[in-house]
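Asks: no letters, just coordinates:
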């Protein structure tokens, strides 16, 4: 097992060695794939296909519509839809790539089991903290990268040179950087992110077009859902330092809600001056209430999610689940957040 | 008169020559200042103040609250508020800088008159097309720059070297690039924009903090206004290719509307798949209806604004004014847009 943070000569040599022995390759991303997962999977798939490999991409669950436009997407199969096909194909795979996740547990449990039953070697390419490197033959792990796509750019560049980054590969990589930094809003405190993005643009990425695909392909229902949530379903509390949006299953059904339509909504209250913590509660069919938390500035929310909502996550983007009626859950979340602000528990780093 | 697109040695020499003869300097931005106007004005002000100049910044009209946090803002006076003070000071000014506008007519008419009465030389630093260069002694005009702040970075760098770009100057410049590209969504098809942004980040710009100031300082009223407009005041028409938001003076008053709160709202419908033209109609106290138009992809709207709404602007961001009741204006705008889409008139470049 080799964990490489620097995309060293040695790790690239190992990678090329593994590839030389493998014709049939599978690239796996994490469940509920985002722009960085899809971008890194399809970018790598294109590069490997061009080099004569037989490539299968595996998304554990469905890829959201705004991410399906990228080149290389025709190689993607979805485990939750094509599980039988994928299970049949797995034994013939000679090398696995795991992109944008640091542990086999980030894929579907059934898929994880099937993957663990395979004998082929596994390469990880990821920018999340704490990789479970024991599961992989080779780990490219660089948490200081804005995104897996930024790290993958360095790997491709090192392994095959700039000509390997075609216009359509560049578009996939740009999509990952754009989405994982929230349009250059966070996780991009390193000059290198901008240098890579600039090089991709130089390679011909049509920035407004990528933006249009990714952030301009929402449904009319989502537009109305956002509006109603902002107009009448957001409460501000704790002297305007916190906000909570509560969406009942009834409302979500009546609004013609599709999976993914509430994605990002929890960030909206953070555009209001003074708000440092935002919570989104969505009632699920099974009676559970999904709690999403976001914070900004020095406020952190993962300890709150861990302690009170059976969850966890990043300091400024966490979540969990409560098993109680929505109204009760909403009161509970308010209490917990108001208390955390009052006692200063949400400022652990101060 | 010298128009320089390339920030040449000669133009920098001319600039330094003009500065050597001037102690008292005024920097003027355009009316209704945006992030690029305020960013370039305060960045230049700091650099010149550090070099011993006595600097006055003049904003023709009030600077929006989310832009007031920048260093150097203490040097800014607003003509619409402090007109008498500014008028008294103007005769002592030995050199004027005009940033982020290409014509004296982009400032308040009264201020324009006062400026024209001054004998001092004028330097323009701007990235808009078609500068009225006859009014200036020296023009730095580079339309291929994402923003005036990007161009100003090159000028400062060339004239005084990288050490002149302090951390707080870098923040001002980053704010201009961030806002004028809509968070790296448009006007950044050039590698150089990313290189400059990366250098500013390397100089210590706290990206999430800038973003928080600029895009996270909105009022609660604006949040509700956006929600209501999206939930119940947006109509989609022309087979889902166009959207119109109509806001009556009564609604705007009842919502606790402040100047600037509808800024950006016209872009929201363009996040919906298939929408290529969006219009925002806001009723004004004087009975006029302000029409804002936005488009994406290949669609253009400035010809529509010119022909039908007594206005003009950029191909994808234009506006005008109608003098008729809101309901009638709304019907008229729909008809005009539906017709432009039907006949293909909004695709002049095809």
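Replies: The structure has been received and is ready for your questions. The structure presented is a predicted model; accordingly, all values stated were derived computationally and were not measured.

Asks: quick one: the strands in the stretch 251-350 of chain A?
Replies: Along the stretch 251-350 of chain A, counting by DSSP state E, counting those that start in this stretch, strands occupy A:277-283, A:289-295, A:312-314, A:317-322.

Asks: make a markdown table out of those strands and add distance to chain B and mean neighbour count.
Replies: To be clear about C-beta, it is placed using only N, CA and C from the backbone, and glycine gets the same treatment. Output for those, formatted as a markdown table (distance: least, CB to the nearest CB, whole Å; neighbours: other CB atoms under 10 Å in any protein chain shown):
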| stretch | distance to chain B | mean neighbour count |
| --- | --- | --- |
| strand A:277-283 | 11 | 25 |
| strand A:289-295 | 11 | 25 |
| strand A:312-314 | 13 | 16 |
| strand A:317-322 | 12 | 19 |
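
Asks: lowest mean pLDDT across those, which one is that?
Replies: With a mean of 83, strand A:312-314 has the lowest mean pLDDT of these.

Asks: which neighbours in the sheet does that strand have, and how are they oriented?
Replies: strand A:317-322 (antiparallel) (DSSP bridges).

Asks: pLDDT weak spots in the stretch 201-350 of chain A?
Replies: A:349-350 (pLDDT under 70).

Asks: picking that back up, save the strands of the stretch 251-350 of chain A as TSV, and put in distance to residue B:120 too.
Replies: Converted to TSV, the strands of the stretch 251-350 of chain A look like this (distance: least, CB to CB, whole Å):
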stretch	distance to residue B:120
strand A:277-283	50
strand A:289-295	50
strand A:312-314	54
strand A:317-322	52
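
Asks: quick one, which of the ones you listed gets closest to residue A:67.
Replies: strand A:317-322 (18.9 Å; CB to CB).

Asks: what angle do that closest one and strand A:289-295 make?
Replies: Interaxial angle, strand A:317-322 versus strand A:289-295 (axes from the mean of the first three to the mean of the last three CA atoms, to 10 degrees): 160 degrees.

Asks: contacts for strand A:317-322?
Replies: Strand A:317-322 has contacts (CB atoms under 8 Å, 6 or more residues apart in numbering or on different chains) with A:288-294, A:301-302, A:304-306, A:308-313, A:329, A:332-333.

Asks: now do stretch A:301-313
Replies: A:277, A:291, A:293-295, A:314-322, A:332-333, A:336-337, A:340, A:345-346, A:348.

Asks: which parts of that stretch are buried?
Replies: A:301-302, A:304-305, A:308-309, A:311, A:313 (16 or more other CB atoms under 10 Å in any protein chain shown).

Asks: just how off-centre is that stretch within its chain?
Replies: Remark: stretch A:301-313 is offset 19 Å from the chain centroid, using CA atoms, centre = their mean, to the nearest Å.

Asks: again with stretch A:163-172
Replies: 21 Å.

Asks: next, see if that stretch gets close to chain B.
Replies: No - applying CB under 8 Å from any CB of the partner chain, one finds stretch A:163-172 separated from chain B by no less than 12.0 Å.

Asks: buried stuff in that stretch?
Replies: For stretch A:163-172, by 16+ other CB under 10 Å, it's A:165-166, A:168-172.

Asks: re the thing from before, do you know which of the strands of the stretch 251-350 of chain A lies nearest residue A:16?
Replies: strand A:312-314 (33.6 Å).

Asks: point out where the stretch 1-150 of chain A drops to low pLDDT.
Replies: Checking the stretch 1-150 of chain A against pLDDT under 70 turns up A:1-5.

Asks: strands of that one, residue ranges please.
Replies: A:2-4, A:24-28, A:54-59, A:76-78, A:95-99, A:121-126, A:138-141.

Asks: just these: most buried one?
Replies: strand A:95-99 (a mean of 26; mean count of other CB atoms under 10 Å in any protein chain shown).

Asks: show me how chain A divides into domains.
Replies: A:2-215, A:220-343 (automatic domain parsing).

Asks: let me have those domains in CSV, extended by distance to residue B:43.
Replies: What follows is these, written out as CSV (distance: least, CB to CB, whole Å):
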stretch, distance to residue B:43
domain A:2-215, 18
domain A:220-343, 24
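
Asks: next, residue A:240: secondary structure please.
Replies: Following DSSP: H, G, I helix; E, B strand; the rest coil, the label given to residue A:240 is coil.

Asks: does it touch residue A:275 like I think?
Replies: Yes - using CB atoms under 8 Å, residue A:240 is in contact with residue A:275, at 6.7 Å.

Asks: which one's more surrounded, the two?
Replies: Each of residue A:240 and residue A:275 has its neighbours counted (other CB atoms under 10 Å in any protein chain shown); residue A:275 has more, 26 against 13.
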